[in-house]
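J.: Starting from these lines, generate the structure:
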Amino acid sequence: MRLLLINPNISESVSELIAAEAKRTASAGTEISIVTAPFGVAYIETRFEALIGAYAVAQLAAEHYSSVDAIVVAAFGDPGLPALREAIPVPIIGMSESAFATATLLGQRFSIIAISSRISAWYRETVERCGLEGRLASIRTLDKPLANISSVQTDQAQQLLALCESAVREDGADVLVIAGAPLAGLARQIRDRLPVPAIDGVSCAVAQAEALAALSPRHATAGSFAPPPVKPHRGLPDSLAGLLETGRARA
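T.: Down below sits the predicted model:
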């Protein structure tokens, strides 16, 4: 089985964190590859940055989907996820969607632990898109600018652990979702220090991508996830133009 993880931001150091956690999670025999956005921002905090990241993901997914069994959008908030499912003919998994689904199997209410207060609105909207706002206990975030996105796990270790403890003690969280690619692997490191389950978006997404790829689901040809209609276009990369010209019928 071949899984592709796409980092929608430009931080190669974050891609290394994602790849390490993905390889720890993947089953024996699963091949993990990762690509990093060729344009965009160092890490995504806002809706506008997510819009840019979604375009980068679309371009990379269109270039690589034919050689893999499933794709993971490796950023919390899942930039572009529903739209990608219209056009890409292999299962597309998002870090946040898979983490939320896993959390609902482990407890009634979950809290999100994140790296930035600015990110809260976008994350809350992602929970709402998944129809799980009634299961969200809280979003707890760091409140200071990050000096180095690749070392936030170590630089802010005590603060992140304190956020987790507060979410359980004060917000009633049954499960902790450690959010964001820069925190990939942190849940594994601190889970034994917490009184409730802590889960990681990368590991959840990899496990669910393997499951969906094994199920070989049919690709939609009708309904809201049918391929985009063929129509005139201009200025698109060849990979995206090819999807629009032929839809998913060729897959």
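J.: Buried residues, stretch 165-183. List them.
T.: Within stretch 165-183, the residues scored as buried using 16 or more other C-beta atoms under 10 Å are 167-168, 173-183. C-beta here means a position set from N, CA and C on the backbone, and glycine is covered the same way.
J.: Closest one of those residues to Ala37?
T.: Ala181 (11.4 Å; C-beta to C-beta).
J.: re the thing from before, between the buried residues of stretch 165-183, which sits nearest Ala87?
T.: Ala87 lies nearest to Ala181 out of the buried residues of stretch 165-183, by C-beta to C-beta, at 23.1 Å.
J.: list the contacts for that closest one?
T.: Ala181 is in contact with 7, 9, 14, 17-18, 43, 74-76, 95, 201-202, counting by C-beta atoms under 8 Å, 6 or more residues apart in numbering.
J.: residues near Met1, how many?
T.: Met1 has 15 neighbours, counted by other C-beta atoms under 10 Å.
J.: Identify the residue nearest it in space, chain neighbours excluded?
T.: Computed as C-beta to C-beta, 6 or more residues apart in numbering, the closest residue to Met1 that is not its neighbour in sequence is Thr30, at 4.7 Å.
J.: how much space between the one you found and Arg2?
T.: Look at Thr30 and Arg2: by C-beta to C-beta, to the nearest Å, they are 8 Å apart.
J.: Name the residue in those two with the higher neighbour count.
T.: Neighbours per residue, other C-beta under 10 Å: of Thr30 and Arg2, the larger number sits with Thr30, 18 against 14.
J.: roughly how far apart are the more buried one and Ile71?
T.: As for Thr30, its distance to Ile71 is 14 Å (criterion: C-beta to C-beta).
J.: joint contacts of the two?
T.: Leu3.
J.: Which secondary structure state does Ile112 sit in?
T.: strand (DSSP: H, G, I helix; E, B strand; the rest coil).
J.: who touches Ile6 in this structure?
T.: 34-35, 37, 56-57, 60-61, 71-74.
J.: and it, that's in a helix?
T.: No. Secondary structure assignment places Ile6 outside any helix; it is strand (three-state DSSP).
J.: How about it: which residues does it bridge to?
T.: Val35, Val73 (DSSP bridges).
J.: Now do stretch 41-49, average pLDDT.
T.: Average pLDDT, stretch 41-49: 94.
J.: oh, I was asking about stretch 217-225
T.: Mean pLDDT, stretch 217-225: 91.
J.: Over to it now: how far is its first residue from its last?
T.: For stretch 217-225, the first and last residues are 13 Å from each other (C-alpha to C-alpha, to the nearest Å).
J.: now stretch 189-199
T.: End-to-end distance of stretch 189-199: 10 Å, with C-alpha to C-alpha as the criterion.
J.: Residues touching it, excluding its own?
T.: Defining contact as C-beta under 8 Å, 6+ apart, one finds that stretch 189-199 is touched by 99, 102-103, 106-107, 153, 160-161, 164-165, 168, 173-178, 187.
J.: What helices and strands are in contact with the top helix by length along the chain?
T.: For the chain, the longest helix by residue count, based on DSSP state H, is helix 47-64. If you count contacts as 3 or more C-beta pairs under 8 Å, 6 or more residues apart in numbering; DSSP states H and E, helix 47-64 packs onto strand 2-7, strand 70-73, helix 81-87, helix 120-129, helix 238-246.
J.: Can I get that helix in PDB? Just the C-alpha atoms.
T.: Provided in PDB are the C-alpha atoms of helix 47-64 (Å, rounded to 0.1, in the frame of the first residue of the first chain):
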ATOM      1  CA  ARG A  47      -8.800  31.000   6.600                       C
ATOM      2  CA  PHE A  48      -6.900  33.000   4.000                       C
ATOM      3  CA  GLU A  49      -3.700  31.000   4.600                       C
ATOM      4  CA  ALA A  50      -5.800  27.800   4.400                       C
ATOM      5  CA  LEU A  51      -7.100  28.900   1.000                       C
ATOM      6  CA  ILE A  52      -3.600  29.200  -0.300                       C
ATOM      7  CA  GLY A  53      -2.700  25.900   1.200                       C
ATOM      8  CA  ALA A  54      -5.700  24.200  -0.400                       C
ATOM      9  CA  TYR A  55      -4.500  25.300  -3.800                       C
ATOM     10  CA  ALA A  56      -1.100  23.900  -3.100                       C
ATOM     11  CA  VAL A  57      -2.600  20.600  -2.000                       C
ATOM     12  CA  ALA A  58      -4.800  20.400  -5.100                       C
ATOM     13  CA  GLN A  59      -1.800  20.900  -7.400                       C
ATOM     14  CA  LEU A  60       0.300  18.300  -5.600                       C
ATOM     15  CA  ALA A  61      -2.600  15.800  -5.300                       C
ATOM     16  CA  ALA A  62      -3.300  16.100  -9.100                       C
ATOM     17  CA  GLU A  63       0.400  15.500  -9.800                       C
ATOM     18  CA  HIS A  64       0.800  12.400  -7.600                       C
END
